[in-house]
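Asks: Predicted model and sequence follow; I will ask about them next.
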Amino acid sequence: MEPLLKMDPLAMPSPFDGPRPTQRVLRPLDIDFTDITYTVPAGIETKPVLKGVSGTFKAGELTAIMGPSGAGKTSLLNVLTGFLSEGMKGSVRVNGVERNLSTFRKSSCYILQSDQLHPHFTVLETMDMAANLKLGPGVGKKARKIEVDNVLDRLGLQACANTRASELSGGQQKRLSIGLELLDNPPIMFLDEPTTGLDSSSCTSCVKLLRSLASQGRTIVCTIHQPSASLWEMFDHVYVLAEGKCVYQGDSIQAVSFLDGLGISCPLYHNPADFMLEVTNGDLFSNGSLISKSDHQLVLQKMGEASKTDKWRRKTFRHFHQNTLLEKPGIFSVLRAQKQGVSEWSKFSILTGRFTKQFLRDWTMTYLKLIFHVLVGIVLGLLYQGSGQDGARSIANMGFFLVTLVYLAYTSMMPAVLRFPPEMNVVRKERFNNWYSLRTYYAAFTVVDTPLQLLFCSSYVLVSYFLSSQSLEPFRVVMFVSICLITSLVAETVGLVLGALCSPKVGTFAGAYSTALWIVLSGFLLLHDHIPYVLRWMPFISYLHYGFEGLAITQYGFGRGTLECPMDDYCHYKYPKALLAELSVNPDNYWLDFGILSGFLVVLRIISYWALKKKLNSLNCK
Ligand SMILES: Nc1ncnc2c1ncn2[C@@H]1O[C@H](COP(=O)(O)OP(=O)(O)OP(=O)(O)O)[C@@H](O)[C@H]1O
């Protein structure tokens with residue numbers, strides 16, 4: 001293992017001294033696709049996006065899918081990666097065998113157009129976490145470090161290893177995205193517009209990198225917009241689409257001859273890539289004016305016919321098949337073999353560490369929230385000072401319970417609405433590229449989030465509880481905190497559901513409006529007996545109703561003695577039983593309330609998981 005990992009992982013694999021039986025020899029993979037059609041819904045009809053395209057993307061070649069905007073480039077990439085399957089017909093084969101999507105996804109990666117990175121992590125941390133998730137315990141700590149260093153060196157990211165992803169330049173972010181997927185050395189890489197948003201020198205270095213990766217035997221396919229002439233020549237193979245059909249496939253250098261053969265001459269010193277786009281766009285001039293639409297269609301038709309031959313394809317890239325990868329196992333096979341050993345349990349513990357770091361680094365969501373909880377606890381505690389012991393202020397004390405619940409519900413729910421949306425695309429990419437399953441991701445989130453909620457909740461409750469002179473009997477303190485915690489977890493989960501089902505804007509509105517209704521139904525502002533008979537079921541769907549009842553019982557139930565009335569001899573609510581009866585609170589209901597809130601929590605967590613899954617799947621259909 002050791003000598004192997006000292007190699008550059010991106011270099012051609014070296015021969016081993018002898019065969020290793022446990023290692024699978026990784027073969028270069030050619031992709032060929034035939035008669036691919038892809039339609040999308042358009043009102044009650046469907047709209048064809050890809051109209052029977054065929055072609056071959058070979059291992060060892062860097063292929064560019066080009067074409068005018070809306071030609072179907074991203075759609076073709078989505079279909080070939082398996083990112084989209086609904087509405088697609090046709091055949092995709094790998095080395096001549098019909099593609100099995102789940103195996104194919106393990107051998108390929110898809111780097112989306114916008115770089116999906118965690119902003120709070122440095123380059124090194126991001127790479128380390130990806131290495132842990134992808135390579136697993138089979139590759140030791142030291143070996144993983146060498147692996148990460150190798151990739152960082154190779155991508156020129158060593159100098160910014162300690163820079164956070166949010167502070168990287170566009171080109172560095174792109175290289176980091178590529179580096180993350182390179183860690184487990186996929187033989188097939190798809191990239192959607194890897195050069196978009198980069199300056200010309202970053203574009204060149206990005207394409208050079210892709211080309212060198214391809215020359216080592218990988219199949220690399222990317223979509224690209226208007227490359228410069230020098231960039232165009234760096235592609236081994238270009239696949240040009242226009243109006244959902246293939247109009248050229250072959251060597252980039254041969255494109256001019258191809259057009260020449262059809263009587264379309266590229267002017268001297270004109271960028272062939274620009275010219276190809278002008279031709280496919282219909283921006284050709286004839287006698288000083290644009291060619292007509294019918295002539296344009298004729299040109300596309302002629303190009304489509306002429307592109308069916310493989311005459312335009314260079315034939316020099318296959319030598320590595322015979323010379324290297326097929327015969328000699330190398331780092332490709334070692335890393336992939338070990339990657340398969342990563343258990344969901346290991347992934348869970350890695351994701352738990354990642355969530356913990358993420359929370360600890362998020363100043364507003366963690367530290368500011370903690371400070372505010374303590375400050376608000378002090379202010380509310382002072383406002384309700386003494387109300388927990390004063391029989392004359394028992395009603396005000398009930399107000400304190402409701403305010404506590406509403407405060408905790410809002411401050412848990414609103415951040416939760418915004419919790420998943422910004423991360424959705426990162427999770428979508430990582431999940432698609434087989435880093436982990438959604439189940440593992442969600443379980444790790446829950447395990448890290450719950451104690452954090454307890455911390456937030458306790459920081460507010462304990463301060464306000466003591467300042468407002470609530471009962472100091474330990475069991476009442478614990479029961480009070482428990483109800484507050486479970487209510488805030490329920491509210492947070494409502495937020496997660498809304499965040500997954502709606503846009504953040506709609507989610508925050510829906511959260512605020514529904515909470516206002518739950519407050520009215522809590523049992524304090526509107527007594528149950530005063531609700532019209534037909535609507536008396538409504539409080540039972542309000543989690544604040546159970547929370548409020550639970551808090552009231554913790555302080556005035558469990559045999560609490562008569563309260564003092566320091567300012568007066570008689571005050572009606574100094575008798576806890578009378579107070580609870582007045583509010584229609586059954587003093588025996590504490591555990592029932594707690595149980596119902598727990599039920600709410602479990603059901604809502606399941607719904608939020610389902611909603612998240614649905615959302616991620618629906619993103620894949622767009
Ligand atoms: N889910 C969808 N619903 C409706 N129309 C879609 C959908 N997906 C793609 N299209 C349409 O299909 C056509 C091709 O889209 P695609 O994104 O593949 O083009 P493209 O060549 O990548 O364009 P660009 O270069 O502008 O990104 C466009 O007209 C687009 O509007």
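Replies: Alright, I've got the coordinates.

Asks: Regarding residue 49, what is its secondary structure?
Replies: Applying DSSP: H, G, I helix; E, B strand; the rest coil to residue 49 yields a three-state assignment of strand.

Asks: Now for the residue nearest to the spatial centre of the chain: which residues touch it?
Replies: Per C-alpha atoms, centre = their mean, the C-alpha nearest to the average position across the chain is that of residue 427, at 2.2 Å. Going by C-beta atoms under 8 Å, 6 or more residues apart in numbering, residue 427 touches 420, 438, 441, 616. Glycine gets a C-beta too; all of them are placed from N, C-alpha and C.

Asks: hang on, the third one in a helix?
Replies: Yes - Residue 441 sits within a helix when classified using three-state DSSP.

Asks: hang on, it packs against residue 351?
Replies: Yes - at 5.9 Å, residue 441 counts as touching residue 351 under the criterion of C-beta atoms under 8 Å.

Asks: So the two - more neighbours on which side?
Replies: residue 351 (26 against 22; other C-beta atoms under 10 Å).

Asks: contacting residues around the strand or helix carrying that one?
Replies: Using DSSP states H and E, residue 351 sits within helix 344-361. For helix 344-361, the external contacting residues (C-beta under 8 Å, 6+ apart) are 118, 120-121, 125, 129, 132-133, 136-137, 365-366, 435-437, 439-441, 443-445, 447-449, 452.

Asks: which residues in the stretch 1-150 of the chain form helices?
Replies: Ranges of helices within the stretch 1-150 of the chain are 2-5, 73-81, 101-107, 123-135, 141-155, based on DSSP state H, counting those that start in this stretch.

Asks: Quick check: which of the ones you listed is nearest to residue 205?
Replies: Closest to residue 205 of the helices of the stretch 1-150 of the chain, according to C-beta to C-beta: helix 141-155, at 9.4 Å.

Asks: Rounded mean pLDDT for that closest one, please.
Replies: The pLDDT scores in helix 141-155 average 82.

Asks: and whatever helix or strand comes next after it, what other elements does it pack with?
Replies: Scanning forward in sequence from helix 141-155 by DSSP H and E, the next helix or strand is helix 170-182. For helix 170-182, the elements it packs on are strand 108-111, helix 123-135, helix 141-155, strand 188-191, helix 200-215, judged by 3 or more C-beta pairs under 8 Å, 6 or more residues apart in numbering; DSSP states H and E.

Asks: list the buried ones in helix 170-182?
Replies: Along helix 170-182, these residues count as buried under the neighbour rule (16 or more other C-beta atoms under 10 Å): 171, 172, 173, 174, 175, 176, 177, 178, 179, 180, 181, 182.

Asks: again, but for stretch 49-56
Replies: 49, 50, 51, 52, 53, 55, 56.

Asks: Surely the first one is in contact with residue 72?
Replies: Yes - using C-beta under 8 Å, residue 49 is in contact with residue 72, at 5.0 Å.

Asks: Give the intersection of the neighbour lists for those two.
Replies: The contact lists of residue 49 and residue 72 share 38, 244, where a contact means C-beta under 8 Å, 6+ apart.

Asks: Mind pulling the model confidence for residue 331?
Replies: pLDDT recorded at residue 331 is 40.

Asks: coming back round to it: now the helix holding residue 351, how far from the centre of its chain.
Replies: 15 Å (C-alpha atoms, centre = their mean, to the nearest Å).

Asks: can you check stretch 235-250 too?
Replies: Its chain's average C-alpha position is 31 Å from that of stretch 235-250, according to C-alpha atoms, centre = their mean.

Asks: CA-only coordinates of stretch 520-529 in CSV, if you can.
Replies: The C-alpha trace of stretch 520-529 is given here as CSV (Å, rounded to 0.1, in the frame of the first residue of the first chain):
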residue,chain,number,x,y,z
VAL,A,520,-54.7,31.3,19.9
LEU,A,521,-55.4,27.6,20.4
SER,A,522,-52.8,27.1,23.2
GLY,A,523,-55.5,27.2,25.8
PHE,A,524,-54.5,30.5,27.5
LEU,A,525,-55.8,33.3,25.3
LEU,A,526,-59.0,31.4,24.4
LEU,A,527,-60.5,29.0,26.9
HIS,A,528,-61.5,25.7,25.5
ASP,A,529,-65.1,26.1,26.8
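
Asks: With just CA atoms, put stretch 239-258 into PDB.
Replies: Taking Å, rounded to 0.1, in the frame of the first residue of the first chain, the C-alpha atoms of stretch 239-258 are listed here in PDB:
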ATOM      1  CA  TYR A 239     -20.100  17.000 -30.200                       C
ATOM      2  CA  VAL A 240     -22.100  19.800 -31.600                       C
ATOM      3  CA  LEU A 241     -25.900  20.000 -31.000                       C
ATOM      4  CA  ALA A 242     -28.400  22.300 -32.600                       C
ATOM      5  CA  GLU A 243     -32.100  22.200 -31.900                       C
ATOM      6  CA  GLY A 244     -31.800  18.900 -30.100                       C
ATOM      7  CA  LYS A 245     -29.900  17.100 -32.900                       C
ATOM      8  CA  CYS A 246     -26.300  16.300 -33.500                       C
ATOM      9  CA  VAL A 247     -24.800  18.300 -36.300                       C
ATOM     10  CA  TYR A 248     -21.100  17.500 -35.900                       C
ATOM     11  CA  GLN A 249     -19.100  14.900 -34.000                       C
ATOM     12  CA  GLY A 250     -15.400  14.600 -34.500                       C
ATOM     13  CA  ASP A 251     -12.000  16.200 -34.000                       C
ATOM     14  CA  SER A 252     -12.000  19.900 -33.200                       C
ATOM     15  CA  ILE A 253      -9.300  20.500 -35.700                       C
ATOM     16  CA  GLN A 254     -11.400  18.700 -38.400                       C
ATOM     17  CA  ALA A 255     -14.500  20.900 -37.900                       C
ATOM     18  CA  VAL A 256     -13.400  23.500 -40.500                       C
ATOM     19  CA  SER A 257     -12.700  20.800 -43.100                       C
ATOM     20  CA  PHE A 258     -16.100  19.300 -42.300                       C
END
